[in-house]
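Enquirer: need coordinates for the following:
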Amino acid sequence: MDIGKWDILGLIAIGFLVYAVVASVYISSDDSSVQSNREINESLSTEEKVQLEKCLALEKDPEFLSAINNFVKSIHRESPPVMKEVIVKNMTSDTEAEVYLEVVYSTVNGEKASIIYFGNWTKSSGVWKAEDDFK
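Expert: Have a look, this model is predicted:
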């Protein structure tokens, strides 16, 4: 069986199409509901329970998640980053939080990479915003 140049080009084109489909499915799987699996248990003190309840509530707050998603979309990489995990580690007040954020993206070579961010977020005029610029 003789393979011609058009056969090879056809196989290369099919390979690129498969890669594009796989990459787009991976990138479009933005799951903003990814949350930590922390639970309130009896071994925590009352103060720790209250603090954890605040953190868990903020992790589900639509305004906060919208701000996180906008922040993630503003990160410029080879492909659009997608939020993998967001955890509110501590709330120093109702308008200040320490946040752990992990985003993933695909490199030019098709490999998966991640960025881990740990920083402070503040709420001013009803809008949550990262205090630190890690980009």
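
Enquirer: now the helix or strand residue 66 falls within, how far from the centre of its chain.
Expert: Here residue 66 sits within helix 62-73, counting by DSSP states H and E. Helix 62-73 sits 9 Å away from the centroid of its parent chain (C-alpha atoms, centre = their mean, to the nearest Å).

Enquirer: listing partners with orientation, what would you give for the helix or strand that comes right after it?
Expert: Moving toward the C-terminus from helix 62-73, the next helix or strand (DSSP H and E) is strand 82-93. In the sheet, strand 82-93 lines up against strand 96-106 (antiparallel) (DSSP bridges).

Enquirer: could you point out the helix or strand that follows the strand it pairs with?
Expert: strand 112-124.

Enquirer: could you point out the helix or strand that follows the host helix or strand of residue 12?
Expert: Using DSSP H and E, residue 12 maps to helix 5-27. Under the assignment DSSP H and E, the closest C-terminal helix or strand after helix 5-27 is helix 46-60.
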